[in-house]
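K.L.:
Make a model of this:
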Amino acid sequence: MTPRAEWVSDRISELLADMGIEYVALNPGASFRGLHDSFVNHTPDRPQMLLCLHEEHAVAIADGYARVTGRPMAVALHANVGLMHATMAVYNAWCDRVPMLILGATGPVDAMKRRPWIDWIHTSADQGALARSFLKWDDQPASADAAVESLLRANRVTRTAPAAPVYVCLDAALQETRLEADPAPITPARYRARPPAAPVSGVAEAAAALQAAERPVMLIGRVSRSEAEWDDRVRLAEAVGARVVSDITWGASFPTEHPLHVSTSLMLRGAGALEAVRDADVLLALEWVDLGSTLRLACGGEPRATTIVCGVDEYLGNGWTKDQGGLAPADIDLPATPGETVRALLAQLNRAAPTTYHRQPAPSAAPSPLPGTDGPLEMRHIAAALREVIAPGRASLVRLPLRWDGAWSTFRHPLDFIGYDGGAAIGSGPGMSIGAALALRESGRVPIAVLGDGDLAMGMSALWTAAHDRIPLLILVANNQTYGNDEVHQRHVAEVRGRPVERAWVGQRMTEPEIDFRGLAAAQGFATAPVVRDYETLCAELAAAVARVAAGECMLIDVRIQPEP
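P.N.:
Numbering: from 1, shown residues only. A predicted model of the protein is given here:
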């Protein structure tokens with residue numbers, strides 16, 4: 001650590017850099033006294049500051065960034081009120097199992113140091129309690145040396161699988177304290193995270209079961225964006241002849257054109273997925289989310305198959321949130337990350353020959369028939385235009401609407417799709433898309449987010465950060481002018497209760513007046529295209545927008561689609 005820091009806030013910013021933190025997303029707040037100044041004049045020995053207009057967006061940006069890189073971003077939240085603003089996004093990050101170092105602040109703990117009124121209402125006795133049920137760890141250090149230890153521990157805890165957000169609350173008065181001596185040298189690498197290893201005996205037993213299986217199936221859930229780990233999963237499936245079921249919720253995890261791939265749809269909704277799981281004689285679940293419910297859905301109870309469960313998610317469960325899902329049976333437990341486990345299985349099988357499948361893909365399957373390109377647009381027209389206009393490997397889908405059919409997309413690389421948010425929140429899409437786009441800025445790929453109009457309306461002010469920090473991003477608004485998911489539910493309820501389905505739109509439609517997404521985006525620095533209402537215009541505007549985003553611009557296209565029937 002660099003010596004001769006004069007203030008506690010300077011020491012904190014230096015330590016963040018030494019721990020490998022590249023960015024700090026924050027909303028202006030006086031509770032970080034002097035900490036902002038440490039980041040304003042960015043130098044190589046300081047993290048870069050990302051100014052956000054809302055704390056929830058700051059956390060969402062860090063979430064999207066971590067989904068791509070696997071590394072934590074720091075987020076600074078303004079006092080107790082900032083943490084209250086951010087809690088939905090923090091819960092999302094918890095459900096996403098992403099690393100994130102959240103810095104909070106409280107007014108002076110010493111009441112004699114509080115300014116009138118403002119410091120009193122921004123001071124809480126146990127601030128971490130606001131979000132402790134969905135934090136992996138939190139602390140409120142009371143001295144400069146304690147703050148250093150707290151940050152080192154937080155960095156290690158959040159990077160250790162299962163990853164999740166951590167929170168360190170800094171006393172505002174402590175941040176203003178002048179250091180009496182140079183800080184003692186710190187070597188952050190000596191406090192690094194260590195991945196859990198799969199047990200040797202369990203790996204051997206699992207490898208033998210897979211090798212002897214006649215109908216093995218791999219269930220691929222929450223995995224990393226690592227290309228090497230993608231290759232390993234393909235090698236393993238090919239080595240044992242396993243059919244593969246993936247879940248679009250968690251992004252691209254296996255080449256969808258591979259002969260062994262069955263489906264990539266939410267919770268086994270794709271064709272053949274339920275049957276594959278039901279008929280398997282050996283199941284290998286790689287961090288499959290809610291495995292217990294999945295197996296009950298497919299098998300009507302416990303599966304007959306020998307079940308190999310890989311993952312570390314159980315280490316994070318608590319009584320407050322039920323996001324751990326249903327309890328799953330396991331004949332062989334491999335408590336390690338999917339990447340570590342698959343590498344160990346390949347070594348045991350001695351079948352680690354390299355694969356080039358995703359680099360030399362099979363010809364794309366014929367796209368599903370369109371409902372006609374002369375009438376009103378539907379969601380699948382957007383999918384068809386993306387397939388038609390964008391060459392493979394040219395773009396990364398950083399967000400898709402919840403009702404996107406997995407069969408509409410072809411994935412050949414782990415960066416082809418980043419995934420949804422784990423908490424199924426509305427309003428997270430813009431921020432997460434910007435964070436993912438930031439992580440992809442030097443990748444040569446064009447980040448594209450297809451956002452529902454409801455999601456964008458809630459998170460609209462996140463766009464300013466992308467424009468301000470010149471983070472290229474293309475947003476396609478799938479604009480049906482309604483909260484479509486809720487309208488579908490209301491239609492179902494009406495049918496069950498024998499009420500008019502024509503009233504399903506009540507309380508859902510965003511009309512009278514229509515939301516001017518183009519105007520809102522332009523006001524924050526985004527370039528826009530004319531509102532798109534037909535397929536030919538959609539393809540033309542998409543092609544032009546991709547070229548502009550590749551050149552460094554931020555763009556938004558409002559695509560008017562029909563509400564789902």
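K.L.:
if I look at Thr294, how far off is Glu214?
P.N.:
Thr294 sits 22 Å away from Glu214 when distances are taken as Cβ to Cβ, to the nearest Å. No exception for glycine: its C-beta is placed from N, CA and C like everyone else's.
K.L.:
so what's the residue lying closest to Leu16 once chain neighbours are set aside up against?
P.N.:
Nearest non-adjacent residue to Leu16, counting by Cβ to Cβ, 6 or more residues apart in numbering: Pro47, 5.3 Å away. Neighbouring residues of Pro47 by Cβ atoms under 8 Å, 6 or more residues apart in numbering: 13, 16-17, 21-24, 39, 74.
K.L.:
Quick check: of those residues, which has the highest neighbour count?
P.N.:
Ala74 (28 neighbours; other Cβ atoms under 10 Å).
K.L.:
thinking that residue is in contact with Gly20, fair?
P.N.:
No - taking contacts as Cβ atoms under 8 Å, Ala74 lies outside contact range of Gly20: 10.5 Å.
K.L.:
any idea how far Ile61 is from Gly128?
P.N.:
According to Cβ to Cβ, Gly128 stands 22 Å off from Ile61.
K.L.:
what about the two, which has more around it?
P.N.:
Set side by side, Gly128 and Ile61 show more neighbours around Ile61, with 32 against 20, by other Cβ under 10 Å.
K.L.:
which ones are touching that one?
P.N.:
Contacts of Ile61 (Cβ under 8 Å, 6+ apart): 25, 50, 52, 73, 431-432, 434-435, 438, 462, 465.
K.L.:
repeat that for 6 Å
P.N.:
Each residue near Ile61 by Cβ atoms under 6 Å, 6 or more residues apart in numbering is listed here: 25, 431, 434-435.
K.L.:
Out of the helices and strands in this structure, which is least certain?
P.N.:
When the helices and strands of the chain are compared on mean pLDDT, DSSP states H and E, helix 35-40 comes out lowest with a mean of 64.
K.L.:
next SSE after that helix?
P.N.:
For helix 35-40, the following helix or strand on the C-terminal side (DSSP states H and E) is strand 48-51.
K.L.:
quick one: strands adjacent to that following strand?
P.N.:
strand 23-26 (parallel) (DSSP bridges).
K.L.:
what's in contact with the partner strand?
P.N.:
Residues contacting strand 23-26 (Cβ under 6 Å, 6+ apart): 39, 47-50, 52, 58, 61-62, 73-76.
K.L.:
Please apply the same query to stretch 540-554.
P.N.:
385, 389, 446, 466-467, 472-474, 526-527, 529, 532, 555, 557.
K.L.:
and which of these is nearest Asp453?
P.N.:
In terms of Cβ to Cβ, no member of these lies closer to Asp453 than Ile557, at 12.5 Å.
K.L.:
Secondary structure element holding the closest one?
P.N.:
Take DSSP H and E as the rule and Ile557 turns out to sit in strand 554-560.
K.L.:
So what's the gap between that strand and the chain middle?
P.N.:
With Cα atoms, centre = their mean, to the nearest Å as the basis, the distance from the averaged C-alpha position of strand 554-560 to the chain average is 22 Å.
K.L.:
okay, it in CSV with CA atoms only?
P.N.:
Extracted C-alpha coordinates of strand 554-560, given in CSV (Å, rounded to 0.1, in the frame of the first residue of the first chain):
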residue,chain,number,x,y,z
CYS,A,554,-25.2,5.5,-26.7
MET,A,555,-28.5,4.9,-28.6
LEU,A,556,-32.1,4.1,-27.9
ILE,A,557,-34.8,2.8,-30.3
ASP,A,558,-38.4,2.8,-29.3
VAL,A,559,-40.0,-0.4,-30.9
ARG,A,560,-43.8,-0.5,-30.6
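K.L.:
quick one: secondary structure of the residue sitting furthest away from the middle of the chain?
P.N.:
Distance from the C-alpha centroid of the chain, by Cα atoms, centre = their mean, peaks at Met112 (42.4 Å). Three-state call for Met112 (DSSP: H, G, I helix; E, B strand; the rest coil): helix.
K.L.:
Would you check how far apart it and Thr106 are?
P.N.:
Distance from Met112 to Thr106, by Cβ to Cβ: 15 Å.
K.L.:
again with Leu51
P.N.:
22 Å.
K.L.:
Over to Met100?
P.N.:
19 Å.
K.L.:
now do Ile448
P.N.:
In terms of Cβ to Cβ, Ile448 sits 40 Å off from Thr106.
K.L.:
what's near enough to touch the closest residue to Gln140 other than its chain neighbours?
P.N.:
Spatial nearest neighbour of Gln140, chain neighbours left out: Cys169 (4.2 Å); criterion: Cβ to Cβ, 6+ apart. Shown in contact with Cys169 (Cβ under 6 Å, 6+ apart): 104, 106, 127, 140.
K.L.:
Check the burial of the closest residue to Gly452 other than its chain neighbours by counting its neighbours.
P.N.:
Counting by Cβ to Cβ, 6+ apart, Pro401 is the residue found nearest to Gly452 once chain neighbours are left out, at 4.7 Å. Look at Pro401: counted by other Cβ under 10 Å, it has 22 neighbours.
K.L.:
Surely Pro401 and Asp453 touch.
P.N.:
No - in this structure, Pro401 is not within contact of Asp453 by Cβ atoms under 6 Å, at 9.6 Å.
K.L.:
Show me the strands in the stretch 101-250 of the chain, by range?
P.N.:
Along the stretch 101-250 of the chain, the segments classed as strands by DSSP state E, counting those that start in this stretch run 137-139, 165-171, 216-220, 243-246.
K.L.:
now do the stretch 401-550 of the chain
P.N.:
446-452, 473-479, 527-528.
K.L.:
Shouldn't Met88 be within a helix?
P.N.:
Yes - counting by three-state DSSP, Met88 is located in a helix.
K.L.:
what sits against it?
P.N.:
Contacts of Met88 by Cβ under 6 Å, 6+ apart are Ala425.
K.L.:
how near is it to Val398?
P.N.:
19 Å.
K.L.:
now swap in Arg380 and tell me
P.N.:
Distance from Arg380 to Val398, by Cβ to Cβ: 19 Å.
K.L.:
more neighbours, those two?
P.N.:
A side-by-side neighbour count of Arg380 and Val398, using other Cβ under 10 Å, places Val398 first with 32 against 18.
K.L.:
ok, residues contacting the helix or strand harbouring the more buried one?
P.N.:
According to DSSP H and E, Val398 maps onto strand 395-399. The contact list for strand 395-399 (Cβ under 6 Å, 6+ apart) reads 415, 417-418, 429, 433, 436, 440, 445-449.
K.L.:
what about Cys299, neighbour count?
P.N.:
Neighbour number of Cys299 under other Cβ under 10 Å is 17.
K.L.:
what about the closest residue to it other than its chain neighbours, is that helix, strand or coil?
P.N.:
Closest residue to Cys299 apart from its sequence neighbours, by Cβ to Cβ, 6+ apart: Arg278 at 5.6 Å. Under three-state DSSP, Arg278 falls in the helix class.
K.L.:
any idea of the pLDDT on Glu502?
P.N.:
For Glu502, the pLDDT comes out at 69.
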